[in-house]
Every structure is written in structure tokens, then in C-alpha cells.
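> curious how this folds, go ahead:
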Amino acid sequence: MTRTDDEAKPRPTLAQVAARAGVSLKTASRALGGESYVSAKTLASVLAAAAELDYQRNAAASLLASGRLAESIGLITGDFTNPFYSALAQAIEDEIRPRGMHLSVANSRESAEQEQRVAHDLADRQTKAVITVSAMTDHSDYAQLQARGIPVVFVDRPAENLDADSVVFDNREGGRLAARHLIDAGHHRIAFIGDYAWLPTYRQRLAGMGDVLDGHSSDWRELLRTDAHDVPSSRECMRDLLALETPPTAVVAGNNRILLGVMEEIADHPEASPAVIGFDEPEWAQVLGISVVTGDVEALGRQAARLAVARLSDRTRAYESVVIPMQLIARRSTAAPMS
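As a prediction, the model looks like this:
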């Protein structure tokens, strides 16, 4: 049987990377392993050498040889308690499984440090590609994975300080849709309860609301509440808003967990009747008649998986930034203005 040129060509070794970078074998290993005490200058030299040689670290070679490690794509999510991530994981798995690959899922708990550890661990276990809902605000560290031949795709949150493929929702337009809908329904005191203030999804949704509300409501930013990452904290924010001398007549919940907290708190205050609109589409929103701004999570996940697979086939292709549209689904929770 005749071997192809790629098969006949020997793989570059770590020793060759070290020689090209002008460092010791041990230093090269530390740099590609993501160890923190390698200087920035040395790291840059080693990453450049690895990229030039098309080197891919093979820390899991013995496992592959034994047949105990199948080809996989790793997904790093922010919070396992959020059903958004289970839907995203299902979509990615549905896309890659027919290709003979399986999905490994890990949780960063919205910690940049934990995400970094998980990403390097996945790489060392010979994960073919990494898809991440990143908790980092600077993604330059992922260049180490790219230099090792491991594609990185950013999903739901875009890459910062790194050239990489990404798939996100049009969150700014989502914010506009929510704000326009409430303005058209006659609301002027509109509150927004958002997730962590550093999240790009929060910032974009807030910017979109500002595009509309800054010209219609002078005090809406006084009704802004942030860092409501879970149900208890969103309930606390909603409780604070309801206690105001003039409570908001409408509330926008920044994601599905926040929406749950908002609805639970309103249920404990039957005298309150603000209009409510949420982001994302939890299964119970339709049952309760809650208006939502949502995007196609299946399309988000499948597109991220396709980009990862395409990058595995051609690492020289141009990076793509895919934006998935959002839509408003109006239901009875915003059917009429509140008095």
C-alpha cells in the first residue's frame, strides 16, 4: 500500500520545537503545557516555533495506542445548572456523533482560572478541538492550544485578543427587540435585571436596550440591576425593585435563570403585576405565557461543531464569526401596559 505524502512525512518532535525556539527541551515542554512560570518572551518563541513546524503535542499517545481514548471534541460551559448549556451540548453532540466523534463536557463555574485548567487538561487528553463558552475576558492563552494544532471555537461569547472561529447570538438586536416591544406596549419605567456585568452577552443586551430606551425613558438606567447570576440573586434584585416607591411597570430578565427568580419573587407579591419579558426560552415560559427574546440554540451548537470540524480539516481557512439572529415571541405577560 502506498502511503500519502502526509503519512510518509514524520511528525515534528518536541525536540525540534525546542531547537527552533532556542530553549531546552524541558522549557519547551513547560511552555506548551501551559505552566505559569514560563516567561512571556519564552512562551512566544515556543508557540511560534510550534506553529511553524505544525507541531501537535501527544501527551495521550499511550492511551490512544491502548484504544482507551476515542476521538473527541471538548465543550467547556459556564454553569451546569443552566438548561441552556444542556441544550447546547446536545446540539453539538448531534452534529459530531455521525462523524464518529464524541463530546466531552466540562464546567468552568464561570471561573477564568478553572477554565484555563480545564482547557489544558482537555488538550493533554488529546481532545481534537475545544469549544468554549468562555469565562475569560482575555483569550490569548488559547493561542497555546492553537499552536499545538487544536482548534478553538468560541460559542455564545466571542473571542477577545485572539483570532478564532466564533458563533454568537445577535444579543444587541435582542436587547432592542425587548425594549421596543415594551415601549410599544406603553411602558416607560422599564427595569433590566442582568447577569455578571463583565459578560459580553449582558453588555450587548444592555447596549441594545439603550439604543431604544435612551430616547424614551430618562430613568431606566436607575432601574438597572446586575450580577444576578442565579435564582436567589435575581429574586433579591426583583424584591428591591418591587420595594421602590414607584416600582417598574415592566421587567426584562437577562437569561432563563434570572427569569425564574423574577417569576418566583412576583408570585410572592400578588399585589405586583409588572409586565415581564425574558431572554432564552425555558420550557415553562410558554406554559406560563411569558414573552421571550430567544435564539436557536440548536443552530448555535451545530454551527460551532461544524466550525470545529472544518478547522480540523483545513487549519489554513479564514476564521469565521457567525451571528445567529434572535426573535421576539410575544405572550400574555406583556400583552397590555400596567397601571
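> buried residues, stretch 167-184. List them.
Residues 167-183 are the ones in stretch 167-184 that count as buried (16 or more other C-beta atoms under 10 Å). From N, CA and C alone the C-beta is placed, and that goes for glycine too.
> kindly report the same for stretch 20-33.
Under 16+ other C-beta under 10 Å, the buried positions of stretch 20-33 are 20-21, 23, 27-32.
> also stretch 303-316?
For stretch 303-316, by 16+ other C-beta under 10 Å, it's 303-309, 311-312.
> over to stretch 262-275?
Across stretch 262-275, burial judged by 16+ other C-beta under 10 Å covers 262-263, 265-266, 272, 274-275.
> quote the end-to-end distance of it.
11 Å (C-alpha to C-alpha, to the nearest Å).
> I'd like the average pLDDT over that stretch.
Stretch 262-275 carries an average pLDDT of 94.
> ok, and what's touching that stretch?
For stretch 262-275, contacts defined as C-beta atoms under 8 Å, 6 or more residues apart in numbering pick out 182, 185, 187, 191, 193, 231, 234-235, 238-239, 242, 247-251, 253, 276, 278, 288, 290-291, 333-334, 336-338.
> in strands, which of these appear?
The strands, defined by DSSP state E, take in 191, 193, 250-251, 253, 276, 278, 291 from those.
> mark which of those are buried, thanks.
Buried, going by 16+ other C-beta under 10 Å: 191, 193, 250-251, 253, 276, 278, 291, out of the ones in strands among the contacts of stretch 262-275.
> what's the closest of those to residue 90?
Nearest to residue 90 among these, counting by C-beta to C-beta, is residue 278 at 21.0 Å.
> now the residue nearest to the closest one when sequence neighbours are not counted: phi and psi?
Nearest residue to residue 278, sequence neighbours excluded (C-beta to C-beta, 6 or more residues apart in numbering): residue 259, at 3.5 Å. Taking degrees, to the nearest 10, you get phi -60, psi -40 for the backbone angles of residue 259.
> check residue 186 too.
According to degrees, to the nearest 10, residue 186 has phi 100, psi 10.
> what's the burial count for it?
Counted with other C-beta atoms under 10 Å, residues neighbouring residue 186 total 12.
> can you find the helix or strand in this structure with the smallest mean pLDDT?
The weakest-scoring helix or strand in the chain, judged by mean pLDDT, DSSP states H and E, is helix 61-66 (a mean of 41).
> would you list every one of the helices in the stretch 151-300 of the chain?
Secondary structure of the stretch 151-300 of the chain by DSSP state H, counting those that start in this stretch: the helices cover 171-184, 200-213, 231-242, 256-267, 283-288, 297-313.
> got it, and the stretch 1-150 of the chain?
Using DSSP H, counting those that start in this stretch, the helices of the stretch 1-150 of the chain run over 5-8, 14-21, 25-32, 40-53, 61-66, 83-96, 112-124, 143-147.
> can I get those helices in JSON lines including distance to residue 201?
Putting these into JSON lines (distance: least, C-beta to C-beta, whole Å) gives the following:
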{"stretch": "helix 5-8", "distance to residue 201": "40"}
{"stretch": "helix 14-21", "distance to residue 201": "37"}
{"stretch": "helix 25-32", "distance to residue 201": "32"}
{"stretch": "helix 40-53", "distance to residue 201": "29"}
{"stretch": "helix 61-66", "distance to residue 201": "36"}
{"stretch": "helix 83-96", "distance to residue 201": "10"}
{"stretch": "helix 112-124", "distance to residue 201": "16"}
{"stretch": "helix 143-147", "distance to residue 201": "23"}
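> pick the most deeply packed of the ones you listed.
helix 143-147 (a mean of 22; mean count of other C-beta atoms under 10 Å).
> residues making contact with that helix?
Defining contact as C-beta under 8 Å, 6+ apart, one finds that helix 143-147 is touched by 31-32, 34, 43, 46-48, 50-51, 55, 119-120, 123, 130, 152, 162, 164.
> if we use 10 Å, what do you get?
Helix 143-147 is contacted from outside by 17, 31-34, 43-44, 46-57, 74, 116, 119-120, 122-123, 127, 129-130, 132, 150-152, 161-164, 311, 315, using C-beta atoms under 10 Å, 6 or more residues apart in numbering.
> pull the CA atoms of it into CSV?
Provided in CSV are the C-alpha atoms of helix 143-147 (Å, rounded to 0.1, in the frame of the first residue of the first chain):
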residue,chain,number,x,y,z
ALA,A,143,-3.0,30.5,21.4
GLN,A,144,-1.1,27.7,23.2
LEU,A,145,-3.8,25.2,22.2
GLN,A,146,-3.9,26.5,18.6
ALA,A,147,-0.1,26.2,18.4
